[in-house]
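[1] Generate coordinates for the sequence data below:
(one chain, ligands or ions: 2)
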Amino acid sequence: MEDEIINSVITIVGSINYDLVTYISSIPDAGETKQSNSFETHFGGKGLNQAISTSKLIPRLEKTRIKIQMCGNVGDDSFGMDLEKYLVKNTINIENVKNLTGTNTGVAVIIVEEDSNGENRILITPGANAKTLPTNEEYEKLFNITDKDIKQYVILQNETPNTVETINWLHTNRPNINIIYNPSPFIDLPSEIYKKIDVLVVNETEALMSANDMLKDEKLRDFKEEIAKDKISGFHKLATTLRQLINLDKLNLVIITLGSTGSLYSSKESGDDLKFFKSNKIPKDKVKDTTGAGDTFLGAIVSQLSLGNSIDSAMKFAIYASSLTVQKKGAAETIPVYEDVAKLLKD
Ligand code: ATP
Ligand code: RIB
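    Ligands and ions are numbered 1, 2, ... in the order given. Okay, here's the model as predicted:
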């Protein structure tokens, strides 16, 4: 890929996991042993899934113009090797993925309850992910493109321990880069860190937990009551309020995903207008595994923004993309390619 023709760079700093997935009709009680329906291994980790989603959801003809790079760690085991190969196969630059000697690759043990709409339960052993702590020199190398005409996005989640450091480093050293933050799994952050975030993407639980970090108890109680009365309008009001508490200067966008219900956003342009998008209705027996639905959604949004599309069309595209992911088993491998989503949107 020639640097001269690049007009966007998307960097994903985050986890790289090997997913060990057991599919079962319903989970056993404590002390109970059950036979599962099947077992599969998949490529995963929120960081890797979001990188794969971003890359797969860029149209084939645009791929040379958008550089996608991953920063993270794997261990020196066969899982790590397979994951690195998978990233490369999906045209993701891995110059900043370290292979750590004597360390295990991160592993996620996942139980998918097939009779419960493909709901999952996940246990992560971070392994090499826990050592993702880039130094200043490594940040300089990762974010070495300083040409302001090149649009840049960074995607962060919380399966690696460096979120706050990365946000602070970028805010100080690369203020033009758009920071997209997905607080999953949730950790408390001080409000001055939220002020440095340009796009916040949260599910229902994370939305309330972020609100808990940023709002006074009394105000949060009011939102919970509004949500109990009218889920969509309540979460929309919450998104509008959270938006005032993140960076007001750049994209200033809050997206809340509501699983099979849909998703909504609040942006500078939308102001107080309700921007809700219904999820694609999928028959219950077709929902196989929801693992990676949120990651697909987020990757779709960022790839669409990098292509210069509006937030409305990005949301629609993300809904279609994630509706395809939940109909297959696994995480990264089930993320559709741009052309499949475009076809579905046309039909
Ligand atoms: P996960 O942790 O399972 O990856 P999440 O909790 O981060 O997901 P969700 O809000 O559950 O995020 O889902 C993200 C998006 O995926 C939704 O906005 C929706 O578009 C799509 N989606 C999820 N579940 C379903 C479903 N059962 N049917 C259709 N679309 C779905
Ligand atoms: O978001 C889904 C991912 O969460 C899985 O792939 C698993 O690795 C966990 O990190």
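
[2] The residue in the chain that ligand 1 sits nearest to: neighbouring residues, count only.
    Using C-beta to the nearest ligand atom, the single residue of the chain nearest to ligand 1 is G294, 2.1 Å away. (Each C-beta comes from the backbone N, C-alpha and C, glycine too.) Neighbour count of G294, defined by other C-beta atoms under 10 Å: 25.

[3] Now it: which helix or strand?
    helix 293-306 (DSSP states H and E).

[4] what about I180, which SS state?
    The three-state label given to I180 by DSSP: H, G, I helix; E, B strand; the rest coil is strand.

[5] what ranges do the helices span in the stretch 151-300 of the chain?
    Using DSSP state H, counting those that start in this stretch, the helices found in the stretch 151-300 of the chain span residues 163-173, 191-194, 204-214, 217-229, 231-243, 293-306.

[6] no, scratch that, I was asking about the stretch 1-150 of the chain
    Assigned helices in the stretch 1-150 of the chain, in chain order: 46-56, 78-89, 136-142 (criterion: DSSP H, counting those that start in this stretch).

[7] that older thread, what helices or strands is the helix holding G294 leaning on?
    Helices and strands touching helix 293-306, by 3 or more C-beta pairs under 8 Å, 6 or more residues apart in numbering; DSSP states H and E, are strand 8-13, helix 46-56, strand 151-156, strand 178-181, strand 199-203, strand 253-257, helix 311-325.

[8] and N203, which of the helices of the stretch 1-150 of the chain is closest to it?
    Distance to N203, taken as C-beta to C-beta, is lowest for helix 46-56 among those, at 12.1 Å.

[9] Check which helices and strands that closest one sits against.
    If contacts are counted by 3+ C-beta pairs under 8 Å, 6+ apart, helix 46-56 sits against strand 8-13, strand 66-75, helix 78-89, strand 151-156, helix 293-306.

[10] returning to what we had before: deepest of the helices of the stretch 1-150 of the chain, which one?
    helix 46-56 (a mean of 30; mean count of other C-beta atoms under 10 Å).

[11] for it, the distance to its chain's centre please.
    Helix 46-56 has its C-alpha centroid displaced from the chain centroid by 8 Å (C-alpha atoms, centre = their mean, to the nearest Å).

[12] cool, and stretch 111-119?
    Using C-alpha atoms, centre = their mean, the offset of stretch 111-119 from its chain centre is 21 Å.

[13] Quick one: end-to-end length of that stretch, please.
    Start-to-end span of stretch 111-119 (C-alpha to C-alpha, to the nearest Å) is 8 Å.

[14] model confidence over it, on average?
    Stretch 111-119 carries an average pLDDT of 87.

[15] how about it, does it get close to ligand 2?
    No - using C-beta under 6 Å from any ligand atom, stretch 111-119 stays clear of ligand 2, coming no nearer than 11.0 Å.

[16] Let me see the residues that make contact with that stretch.
    The contact list for stretch 111-119, computed with C-beta atoms under 8 Å, 6 or more residues apart in numbering, reads 21-27, 37, 120-121, 260, 284, 287-291, 326, 329.

[17] again, only using 10 Å
    20-28, 36-38, 40, 120-123, 259-260, 282, 284-291, 293, 326-330 (C-beta atoms under 10 Å, 6 or more residues apart in numbering).

[18] Those also near ligand 2: which ones?
    Counting by C-beta under 6 Å from any ligand atom, the members of the contacts of stretch 111-119 near ligand 2 are 122, 291.

[19] Let me see the confidence value for D3.
    D3 is assigned 49 on the pLDDT scale.

[20] distance between stretch 11-19 and the chain's centre?
    Distance, stretch centre to chain centre, for stretch 11-19: 10 Å (C-alpha atoms, centre = their mean).

[21] Identify the residues contacting E206.
    158, 182-186, 200, 256-257, 294.

[22] any idea how far F235 is from it?
    Per C-beta to C-beta, to the nearest Å, E206 is found 11 Å from F235.
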